[in-house]
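K.L.:
Need a 3D model of the following:
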Amino acid sequence: VGQTLAINLPLAVVGAQQLVEVTGEAPLVDTEKTDVSQVVSQTSKDNLPMAGRNWAQFQFLTPNVTNDGGSGLASYRGISGLYNSSNVDGTNNNQAFFSEQKGRTTLPYVYSLDSIQEYQVASSNYSAELGQAAGGVINAVTKAGSNTTHGDLFYYLRYPTLNALDSLQKSKGIYTQPIHQQQQFGGSVGGPIVKNRLFYFLTYDGSRKVNPISYTSSGTY
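P.N.:
The predicted structure follows:
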C-alpha cells in the first residue's frame, strides 16, 4: 500500500554470458516519493498488543503523531485531529458530521481488525491523490480470500473481579465491586470459490458491555 514500484524486464541475448548481481541493501533515500509515512503491516497488526480492536490505533507508532486531548483523536504535527483523513480501499472512510474516522466512538468499529490487510500512515508531504486533510492520512487496504482456506477466532474478556475498585466509591467508603464487564468475540474465514478466479472473505465482530454508573446523592429529609 502506498508504494511506487518499478519492474524492469530485460531481454537476454541468446548465447551471451550474463552476470547477475543481487543485493539486499535498501537505498538510503527513496527517490520515487516525497511523503513522510510508515506502513503498518499485517505482521505488526496481528502481533502488537491492542485494546479495543480499533485497527487505526497503530497510527500512534508513527513519528509526530500523538493523542489530541482525551477525545481519542490523533494529532499529526500538532494539528487538530479534526483535519485528518481516512481511506479504505481507495474510498472515503470519514464521518463528516463529527469530522472523524467512521466508527471511532463505537464498539465494534466499522471495519474489523481482521478485515484490514495493512495500512499506510502518512504524516506529511503525501500525494495529492490522498488529500482532503491538513493533518495526517490513513490509507488502508482490506483482505481477500486465497486458494487456501484460512481463518481465526478471538475472544476478549474484561471481568469485574479483575478490575480495580472505583475511586469515587472508595472515597465514599464503598468497597464492593460493581458489575463492569466487557466482551469482544468473533473471527474471520477466507478461501476459494473458484480456484485462481473467485474468492470469499468473511469477518464477524461481536461486542457486549455492561458499564454501571456510580451515583451519590445527599439531602435533608
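K.L.:
From the chain's centroid, how far away is the helix or strand bottoming out on mean pLDDT in the chain?
P.N.:
The helix or strand of the chain with the poorest confidence is helix 167-171; it has a mean of 78 (mean pLDDT, DSSP states H and E). Distance of helix 167-171 from the chain centroid (CA atoms, centre = their mean, to the nearest Å) equals 35 Å.
K.L.:
following that helix, which helix or strand shows up next?
P.N.:
strand 181-194 (DSSP states H and E).
K.L.:
tell me what that following strand is packed against?
P.N.:
strand 150-158, strand 198-210 (3 or more CB pairs under 8 Å, 6 or more residues apart in numbering; DSSP states H and E). The C-beta positions use only the backbone N, C-alpha and C, and glycine is treated the same way.
K.L.:
Helices of the chain, residue ranges please.
P.N.:
42-47, 167-171 (DSSP state H).
K.L.:
Quick check: buried residues in the shortest one?
P.N.:
Burial within helix 167-171, assessed by neighbour count using 16 or more other CB atoms under 10 Å, is assigned to no residue.
K.L.:
Repeat that for stretch 127-137.
P.N.:
130, 133, 135-137.
K.L.:
just for this structure, where's the confidence low?
P.N.:
Along the chain, the parts satisfying pLDDT under 70 run over 16, 105-109, 178-179, 212-221.
K.L.:
the strands in it, which residues?
P.N.:
With DSSP state E as the criterion, the chain has strands at 36-40, 65-67, 74-76, 85-88, 91-92, 94-95, 100-101, 116-124, 137-142, 150-158, 181-194, 198-210.
K.L.:
Looking at the ones you listed, which is nearest to residue 54?
P.N.:
The closest of these to residue 54 is strand 100-101. By CB to CB, the value is 8.9 Å.
K.L.:
hang on, the earlier thing: now the strands of the chain as a markdown table including distance to residue 20?
P.N.:
Putting these into a markdown table (distance: least, CB to CB, whole Å) gives the following:
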| stretch | distance to residue 20 |
| --- | --- |
| strand 36-40 | 29 |
| strand 65-67 | 41 |
| strand 74-76 | 43 |
| strand 85-88 | 39 |
| strand 91-92 | 41 |
| strand 94-95 | 47 |
| strand 100-101 | 46 |
| strand 116-124 | 30 |
| strand 137-142 | 32 |
| strand 150-158 | 35 |
| strand 181-194 | 35 |
| strand 198-210 | 35 |
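K.L.:
Now distance to residue 101 and mean neighbour count too, for the helices and strands packed on strand 181-194, in CSV please.
P.N.:
Listed next are the helices and strands packed on strand 181-194 as CSV, based on distance: least, CB to CB, whole Å; neighbours: other CB atoms under 10 Å:
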stretch, distance to residue 101, mean neighbour count
strand 150-158, 21, 12
strand 198-210, 16, 14
